[in-house]
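My questions are about this predicted structure, shown below with the sequence.
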Amino acid sequence: MSDRKHVDFNSIYNGLKPDTGRFRIASNGIGWKGAGGDPIVLAPDDLRKFTWIRVARGYQLRVSLKDNQVLKFDGFHLDDMEGVKDAIRSFYKKDLELKEPSVKGWNWGKTDFQGSNLTFNVSNKQLFELPLAQAIGANKAGKNEVSINFVDPGQPAPDGVNPKEVDELMDVTFYIPGTVAKDSVNNTDDDDDAEEEEANADAVFYDNVKSKLEFSQMTTENIVQFQEVLCLTPRGRYNIDMYQDFLRLRGKTYDYKILYSNIIKLFLLLKPDEVHVLFVIGLDPPLRQGQTKYPFLVFQFVREDEIDVDLNLDDAKLDEKYENKLQKHYEAPTYEVVSTIFRALTGRRVAVPGTYRSHHGAHALKCSMKANEGYLYPLEKSFLFIPKPTTFIPFNEIGVVNFSRVGTQSGGSSRTFDMKFHMKSGSDIQFSSINREEYSSLEDFLRQKNIKVKSENVQETIMSYAEIDDEDEEEDLGESRKKRSRLEVDAMDEEDEESPDEDFAPNESGSDVAEEYDSDVQGSSDEESDEE
């Protein structure tokens, strides 16, 4: 080995990259070169520790650097261990540490942070490892719980791989009860307040995860930051950190990384109160909080609030990459600055309200979607209901719009009506409690957009029965009885005139019917008996 200057290994993976390359251990450092991408070169002075462990893709060599970074190279065979061990000892005078993974299958153990990786150990053996560099966010899912969200479900699969056959890790939730010593976390010697010597273990773990996410993602400085922005969907206040390729939402409970390529729609809408402005961001794939998905983010700004901010970009980059779409300095209303920067960084057009005006001159009309009140914005190419649940309805997907409870009787018409969208896909979307004054302008807008409209005036029929009931209740009881008596007498008279009595004989003497109800009916009967 002393005569050789390097040792090569073929078909070696670099971390999670799908392509293999050549791995070399030489006296002047360690290198890896694949088919695509930049090669990796590690100087001997940067090397701190070497670890050999069994993984899914054969055996892995972990190279720990002095700056706490850990690089992983997979694809080695068992027979390669001796060659790697001898090369490391010969070139760098270091030993190869053998690590045995845990195979107990337990779901409780201890966590450890190694660089940007999180390891889960059971009985001092590693059970699994999570690369936090691939995580997109973390949040406190519940009491004593911390959830780490990983690769977006919409991320494209590697070339040549069927997306339906790819298994991806979505999220992992850790249950962390109890407390830990605060000194071990903050490394402080302040013991004045005994109550602050301990902290909740889940809070400490969550802070550590967030710091690792920031370390792995903050390869470049942020362009601009907007602090304490109110978000209506999902509810909360977030700091928005804007970077060249992605943004981060940092709240007290949730922390997300959103790629600009996942932003597909932008809306800037003035609320009917004319005091607030809404900025809506459409995402694909949607943002996830546990099992809940949010395809839209709705931020609210006060219309009169202004911001004075400088972008962390030099003049050359402003001219070359953003083609003068951004300025170095902004002093304008906050919503204008936010929408302008989003438009430049995402490359998406910001949709604004069109020609529609409600009965009161607003850009939206107030309505309800199931039990949620909100505003429906008729835009130039779509409808948008906000804030919750934010619903996007493109015109080209609408089959017919059906209006119901649109009565025209002045005496008993309902003050509101309903509107149902029958989509071409077969689903229905209904909005209720719309002010009746909005009907004419809304119907004209739909007809101008060549959308089929159907009205059902079912309210008129319902109100006709209600009016009859109201009249009966308002009548005097005595007059009602007299009316019913007159009706009964008239009915009897009509029955006598129209239906002749077959037993009545006008030419015969005496009437059995009359004598039956006579006062001396008994005497008459006796006389007839004597005559016989």
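Looks like it arrived, so ask away.

Could you list the domains of this structure?
Per automatic domain parsing, the structural domains of the chain span 6-99, 106-156+166-181+198-217, 223-352, 355-456.

looking at those domains, which one has the lowest mean pLDDT?
Note on the domains of the chain: domain 106-156+166-181+198-217 shows the lowest mean pLDDT, a mean of 82.

That one: how far from the chain's middle?
Distance of domain 106-156+166-181+198-217 from the chain centroid (C-alpha atoms, centre = their mean, to the nearest Å) equals 22 Å.

again, but for stretch 241-252
Centre-to-centre, stretch 241-252 and its host chain are 17 Å apart (C-alpha atoms, centre = their mean).

The stretch 1-150 of the chain: strands as residue ranges?
Taking DSSP state E, counting those that start in this stretch as the test, the strands found in the stretch 1-150 of the chain are 6-14, 20-26, 29-34, 40-42, 47-55, 58-65, 70-76, 96-99, 110-114, 117-122, 125-131, 137-142, 145-149.

The fourth one: which residues count as buried?
This means strand 40-42. Within strand 40-42, the residues scored as buried using 16 or more other C-beta atoms under 10 Å are 40, 42. For the C-beta atoms, the positions are set from N, CA and C on the backbone; glycine is no exception.

Secondary structure element holding the residue nearest to N222 when sequence neighbours are not counted?
The shortest distance from N222 to any non-neighbouring residue, by C-beta to C-beta, 6 or more residues apart in numbering, is to D241 (4.7 Å). Here D241 sits within strand 236-242, counting by DSSP states H and E.

Now do that strand: which elements does it pack against?
On a contact count with 3 or more C-beta pairs under 8 Å, 6 or more residues apart in numbering; DSSP states H and E, strand 236-242 meets strand 224-233, strand 246-250, helix 334-346.

That one: how far from the chain's middle?
Averaging C-alpha positions (C-alpha atoms, centre = their mean) puts strand 236-242 16 Å from its chain's average.

Buried residues, it. List them.
238, 240-242.

What distance do you get for T111 to T340?
Separation of T111 from T340 (C-beta to C-beta, to the nearest Å): 42 Å.

okay, these two: which has more neighbours?
Neighbour count, other C-beta atoms under 10 Å: between T111 and T340, T340 has more, with 17 against 14.

Give me the contact list for the strand holding D241.
The contact list for strand 236-242 (C-beta atoms under 8 Å, 6 or more residues apart in numbering) reads 222-231, 247-254, 338, 341, 345.

ChimeraX command for the buried members of the residues you listed?
Listed next is the ChimeraX selection for buried residues among the contacts of strand 236-242, using 16+ other C-beta under 10 Å:
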select :223,224,226,229,231,247,248,249,250,251,254,338,341,345
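
Show me what the residue positioned nearest the centre of the chain bridges to in the sheet.
For the chain, the residue whose C-alpha lies nearest the mean C-alpha position (C-alpha atoms, centre = their mean) is Y294; its distance is 0.8 Å. Beta-bridge pairing of Y294 under DSSP bridges involves L287.

My read is that it contacts L287, right?
Yes: Y294 lies in contact with L287 (C-beta atoms under 8 Å); the separation is 4.4 Å.

what residues do the two have in common as contacts?
By C-beta under 8 Å, 6+ apart, the residues touching both Y294 and L287 are P234.

Can you list the residue ranges for helices in the stretch 301-450 of the chain?
In the stretch 301-450 of the chain, the segments counted as helices under DSSP state H, counting those that start in this stretch are 315-320, 334-346, 439-448.

Give me the angle between the longest one and strand 224-233.
It stands for helix 334-346. Angle of helix 334-346 versus strand 224-233, following axes from the mean of the first three to the mean of the last three C-alpha atoms, to 10 degrees, is 100 degrees.

how distant is helix 334-346 from the center of its chain?
For helix 334-346, the separation from the chain centroid amounts to 22 Å (computed by C-alpha atoms, centre = their mean).

do the same with the shortest one
In this view, helix 315-320 has its centroid 35 Å away from the chain centroid, taken as C-alpha atoms, centre = their mean.

List the buried residues for that helix?
Buried residues in helix 315-320, defined by neighbour count with 16+ other C-beta under 10 Å: L318.

Then the last one?
Neighbour-count burial for helix 439-448, with 16+ other C-beta under 10 Å as criterion, is recorded at 439, 442-443, 445-446.

May I have it exported as CSV, CA atoms only?
Listed next in CSV are the C-alpha coordinates belonging to helix 439-448 (Å, rounded to 0.1, in the frame of the first residue of the first chain):
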residue,chain,number,x,y,z
TYR,A,439,-78.4,39.0,-8.3
SER,A,440,-78.8,41.2,-11.3
SER,A,441,-75.1,42.3,-11.5
LEU,A,442,-73.9,38.7,-10.9
GLU,A,443,-76.2,37.3,-13.6
ASP,A,444,-75.0,39.9,-16.1
PHE,A,445,-71.4,39.2,-15.3
LEU,A,446,-71.9,35.4,-15.9
ARG,A,447,-73.7,36.0,-19.2
GLN,A,448,-70.9,38.3,-20.4
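
Mind checking what helix or strand follows that helix in sequence?
Next element after helix 439-448 (DSSP H and E): strand 453-456.

From the contact counts, what lies against that next one?
Judged by 3+ C-beta pairs under 8 Å, 6+ apart, strand 453-456 is in contact with strand 398-404, helix 439-448.

Reformat the ones you listed as TSV; add distance to G58.
Below are the helices and strands packed on strand 453-456 laid out as TSV (distance: least, C-beta to C-beta, whole Å):
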stretch	distance to G58
strand 398-404	55
helix 439-448	63
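
So for E380, which of these sits nearest?
In terms of C-beta to C-beta, the element of these nearest to E380 is helix 439-448, at 10.5 Å.

So which residues make contact with that closest one?
Contacts to helix 439-448, defined as C-beta under 8 Å, 6+ apart, come from residues 356-359, 365, 378, 401, 403, 406, 417, 419, 434, 453, 455.

Take those and write them to TSV, including neighbour count.
Listed next are the contacts of helix 439-448 as TSV, based on neighbours: other C-beta atoms under 10 Å:
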residue	neighbour count
Y356	20
R357	15
S358	19
H359	14
L365	23
P378	23
V401	21
F403	19
V406	21
F417	25
M419	25
I434	22
V453	15
S455	14
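
Sitting in strands, which of the residues you listed do you find?
Taking DSSP state E, the ones among the contacts of helix 439-448 that sit in strands are 365, 378, 401, 403, 417, 419, 434, 453, 455.

Which residue, other than its chain neighbours, is closest to the second one?
For P378, ignoring the flanking residues on the chain, the nearest one in space by C-beta to C-beta, 6+ apart is Y356 at 4.2 Å.

gap between the one you found and E304?
Here the criterion is C-beta to C-beta. By it, Y356 lies 25 Å from E304.

what do you get for D74?
For D74, the distance to E304 (C-beta to C-beta) stands at 57 Å.

Same question for T346.
26 Å.

How about G31: which residues does it bridge to?
Beta-bridge partners of G31, counted by DSSP bridges, are R24, V41.
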